[in-house]
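Chemist: what follows is a predicted protein model with its sequence.
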Amino acid sequence: MADTPGLFARGDGIGGSNALVARAGGLHPPGEVLLSWPAPNFENPVTRGWEAPIVLIVMLVATTIIYVGRMWARLVISKNHGWDDIVMSVAMLPVIGLTISAILAIKVYGFQWHAWDQTPKTHVTSREITMSIELNYVLSTTLIKVSILLFYRRLTGSLKSAFIYSIWGMIVFCVVPSIIFVFLIIFTCTPLIGTFRLFDIAWRFKNELECRDEGAIIVTCAILGSIQDLLICILPAILVWDLKMSKRQKIAVCAIFGVGMISCICGILRTYYATYVYYRTYDITWYAYYGWVWTALEADFGVMCASAPALKVFFKRYFNLSNLTVANSKSDTNQRSIPLSLRARGTASSLSTNKSRGDHSGVYDGGPFQGIKVSQGLDVHVEERDDSSQKSFASTRNLTDLKLSEDDREKDWKGRCRTVCAAVRPDSHNGSRDTLSGIDLERGQPSR
């Protein structure tokens with residue numbers, strides 16, 4: 001990328017005894033490598049196409065839609081937003097900035113060309129957009145990780161303190177290194193403007209420049225980020241393992257959080273290309289193209305995976321998933337049991353019953369109690385009668401029904417009401433109520 005390698009090596013602390021590892025690539029190609037490159041082609045250089053920018057645009061749109069769905073579910077439907085939603089909202093700003101910066105880098109600011117085709121202008125713009133991408137990446141991924149960890153904290157409720165401490169420890173482990181990396185990236189070179197003028201030969205002849213090992217900073221940041229992603233994906237398994245849930249439920253919950261492994265894979269690929277660019281090739285602009293794509297995708301998938309649990313309530317509301325579940329369960333059994341405790345939580349299916357009615361001839365009809373049984377555990381069973389049983393019941397009832405006076409009918413009705421009210425009184429079934437254990441992923445709280 002430059003025709004004065006000795007000048008560059010003099011000011012950046014790289015290539016001599018200060019180098020951390022032996023290099024076969026990086027920002028500063030030696031003279032023999034420069035001589036092996038073809039002549040610059042400023043008129044019609046080999047240029048990357050629109051494939052990657054289109055993918056990044058589509059992913060950004062999808063990420064924004066999923067984020068809006070998450071916030072709609074939390075703010076409007078369940079009305080149960082928390083700090084994790086606030087942090088995710090802040091994270092969306094650098095996520096958008098990261099995608100825009102990556103697209104500009106690989107289509108406008110030099111990363112669409114080989115290193116030998118760079119112009120004096122793109123020598124500067126490629127450095128500027130690199131800092132923009134790296135800073136947006138650190139900010140966005142750190143905020144996404146903190147949002148996920150705060151969501152874990154909401155799920156824990158009153159669980160054992162060891163797991164809660166591990167969550168706060170992970171938050172510190174994500175935030176503190178990120179702050180350090182932000183300062184290292186900004187102040188890679190002294191003076192600061194030297195970061196952008198690293199390949200500006202005219203400026204370098206007039207100014208002294210001292211730089212840290214940029215490759216070591218970026219690669220270390222990528223490796224540490226991948227480790228953080230992996231730990232955050234594993235952490236929910238510890239929580240679910242101690243819950244009183246069936247093995248099938250545990251696997252399902254772990255699978256939901258395991259979707260975050262997609263973001264881990266993107267982080268690993270980013271780490272690979274960062275290592276390749278700084279240590280395995282001198283054609284950095286051509287191969288950094290792939291690294292920028294995976295960098296943006298990692299942040300996008302992070303938002304998607306973090307929003308997945310909250311979207312369940314959104315789909316249940318607007319895509320009638322609960323109605324489909326009820327319809328399927330009706331085809332399997334003719335008798336349904338619905339705990340009243342679940343109805344109070346708003347999760348029981350709506351059932352239609354016959355309206356109570358009185359016989360104007362003076363005979364009590366008993367409509368409200370027809371086909372309803374109240375058991376000790378407050379499970380209401382609604383049984384449907386076939387036509388033959390209905391006719392049989394109607395014919396035999398007339399044989400035993402007695403004409404009641406107006407006062408007798410009123411006393412009989414009140415007596416029946418008292419019996420039912422006593423049966424369903426809360427203090428009559430405290431010993432038989434089942435305790436539900438599990439995780440309410442839609443509301444972001446442990447189930448009570």
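Modeler: All right, it came through fine.

Chemist: under the pLDDT cut-off, which ranges of the chain? List them.
Modeler: Counting by pLDDT under 70, the ranges of the chain that qualify are 1-23, 157-160, 242-245, 256, 320-448.

Chemist: all strands of it, in order?
Modeler: Under the criterion DSSP state E, the chain contains strands at 189-190, 210-211, 335-339, 372-374, 379-383, 439-440, 445-446.

Chemist: show me what counts as buried in stretch 111-124.
Modeler: Of the residues in stretch 111-124, those buried under the neighbour-count criterion (16 or more other C-beta atoms under 10 Å) are 111-118, 122-124. In short, each C-beta sits where N, CA and C put it, glycine included.

Chemist: check stretch 279-295 too.
Modeler: Residues of stretch 279-295 classed as buried under the neighbour-count rule (16+ other C-beta under 10 Å) are 279, 281-295.

Chemist: count of neighbours near residue 216?
Modeler: Residue 216 is surrounded by 16 other residues when neighbours are defined as other C-beta atoms under 10 Å.

Chemist: for residue 168, see how far away it is.
Modeler: When C-beta to C-beta, to the nearest Å is the yardstick, residue 216 and residue 168 sit 29 Å from each other.

Chemist: with residue 74 instead?
Modeler: Per C-beta to C-beta, residue 74 is found 23 Å from residue 168.

Chemist: the more surrounded of these two?
Modeler: Neighbours around residue 74 and residue 168, counted as other C-beta under 10 Å, are more numerous at residue 74. The numbers are 23 against 11.

Chemist: how about the more buried one: what's its closest non-neighbour residue?
Modeler: Of all residues not flanking residue 74 in the chain, residue 81 sits nearest, at 4.3 Å (C-beta to C-beta, 6 or more residues apart in numbering).

Chemist: how long is stretch 195-211 from one end to the other?
Modeler: For stretch 195-211, the first-to-last residue distance is 8 Å (C-alpha to C-alpha, to the nearest Å).

Chemist: give the buried residues for it.
Modeler: Neighbour-count burial for stretch 195-211, with 16+ other C-beta under 10 Å as criterion, is recorded at 195-200, 204, 209, 211.

Chemist: so of those, which ones are in helices?
Modeler: Among the buried residues of stretch 195-211, the members falling in helices (DSSP state H) are residue 204.

Chemist: nearest to residue 239 among the buried residues of stretch 195-211?
Modeler: Nearest to residue 239 among the buried residues of stretch 195-211 is residue 195, at 42.6 Å by C-beta to C-beta.

Chemist: what is the most widely separated pair among the buried residues of stretch 195-211?
Modeler: Every pair in those was compared (C-beta to C-beta); the two farthest apart turn out to be 200 and 211, at 13.6 Å.

Chemist: what number of residues lie near residue 130?
Modeler: Using other C-beta under 10 Å as the criterion, the residues surrounding residue 130 number 24.

Chemist: with residue 36 instead?
Modeler: Residue 36 is flanked by 10 other residues according to other C-beta under 10 Å.

Chemist: same thing with residue 145?
Modeler: Residue 145 is surrounded by 27 other residues when neighbours are defined as other C-beta under 10 Å.

Chemist: OK, contacts around it?
Modeler: Shown here is residue 145, whose contacts under the criterion C-beta atoms under 8 Å, 6 or more residues apart in numbering are 170, 174, 228-229, 232, 302.

Chemist: mind putting these into TSV with neighbour count and distance to residue 181?
Modeler: As requested, the contacts of residue 145 are exported to TSV (neighbours: other C-beta atoms under 10 Å; distance: C-beta to C-beta, whole Å):
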residue	neighbour count	distance to residue 181
170	19	17
174	23	11
228	21	12
229	27	15
232	26	18
302	29	17
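
Chemist: just curious, which of those is nearest to residue 180?
Modeler: When the contacts of residue 145 are compared for distance to residue 180 (C-beta to C-beta), residue 174 wins out at 11.7 Å.

Chemist: how close does the closest one sit to residue 301?
Modeler: 17 Å.

Chemist: same question for residue 104.
Modeler: The value you get for residue 104 to residue 301, if C-beta to C-beta is used, is 21 Å.

Chemist: who's more crowded, the two?
Modeler: Between residue 104 and residue 301, counted using other C-beta under 10 Å, residue 301 has the larger neighbour count: 23 against 18.

Chemist: pull the contacting residues for the residue lying closest to the more buried one once chain neighbours are set aside.
Modeler: Of all residues beyond its chain neighbours, the one nearest residue 301 is residue 263 (4.3 Å), with distances taken as C-beta to C-beta, 6+ apart. Counting by C-beta under 8 Å, 6+ apart, residue 263 touches 229, 298, 301-302, 305.

Chemist: of those residues, which belong to helices?
Modeler: Taking DSSP H, the ones among those that sit in helices are 229, 298, 301-302, 305.

Chemist: of the residues you listed, which is the nearest to residue 25?
Modeler: Distances from the ones in helices among the contacts of residue 263 to residue 25 were compared by C-beta to C-beta; the smallest belongs to residue 298, at 22.6 Å.

Chemist: hmm, that closest one is touching residue 141, no?
Modeler: Yes: checked against C-beta atoms under 8 Å, the pair residue 298 and residue 141 is within contact range at 6.7 Å.
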